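Undergrad: Dropping the sequence and predicted coords here.
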Amino acid sequence: MRSNKIAVIGDKDIVLAFKAVGMDVYSASDAAEAASALKSIAPKYSIIFITEDLAQDNCQLIDRYKSRTYPAVIPIPPPSGSTGFGMAGIKADVERAVGTDILFNKED
């Protein structure tokens, strides 16, 4: 049975902040460690946050979870700042769901 728990995958500096607010954390210093952590924890969590740098290196693996109800795998900015990868994914998901860009469609 899946819990309503939330996990975070990222470098040890960022995950410690999430641990302080009660989330389960998994430290990963590279793409391979992040992929291993994601595969092992996916059945146990409803939401998994992963830093953009690690998500970008594991985008094929993360794409497999997009077709499933759980877990929601959500990229978050790393301590060094956003790469835009997470927002690009949200934009693409919204476009796929509604058929148009309703988030960033700007008139010139």
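TA: It's in.
Undergrad: show me the contacts for Phe49.
TA: Remark: with contacts taken as Cβ atoms under 8 Å, 6 or more residues apart in numbering, Phe49 is in contact with 6-10, 18, 23, 74-76. (C-beta placed from N, C-alpha, C; glycine too.)
Undergrad: switch to 6 Å and redo it
TA: Going by Cβ atoms under 6 Å, 6 or more residues apart in numbering, Phe49 touches 8, 74, 76.
Undergrad: just these now: which is nearest Gln56?
TA: Nearest to Gln56 out of those is Ile76 (Cβ to Cβ; 12.0 Å).
Undergrad: Name the nearest residue to Leu16, sequence neighbours excluded.
TA: In space, not counting the residues next to it along the chain, Leu16 is nearest to Val25; the distance is 7.1 Å by Cβ to Cβ, 6 or more residues apart in numbering.
Undergrad: again, but for Ile62
TA: Using Cβ to Cβ, 6+ apart, the nearest residue to Ile62 is Val73, at 5.0 Å.
Undergrad: Which secondary structure element is home to that neighbour?
TA: Using DSSP states H and E, the secondary-structure element containing Val73 is strand 72-76.
Undergrad: as a whole number, average confidence for that strand?
TA: Mean pLDDT, taken over the full extent of strand 72-76, equals 88.
Undergrad: re the thing from before, may I see the contacts of Phe49 arranged in a markdown table, with neighbour count and distance to Lys39 as well?
TA: A markdown table is the format used below for the contacts of Phe49 (neighbours: other Cβ atoms under 10 Å; distance: Cβ to Cβ, whole Å):
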| residue | neighbour count | distance to Lys39 |
| --- | --- | --- |
| Val8 | 24 | 16 |
| Ile74 | 16 | 17 |
| Ile76 | 16 | 19 |
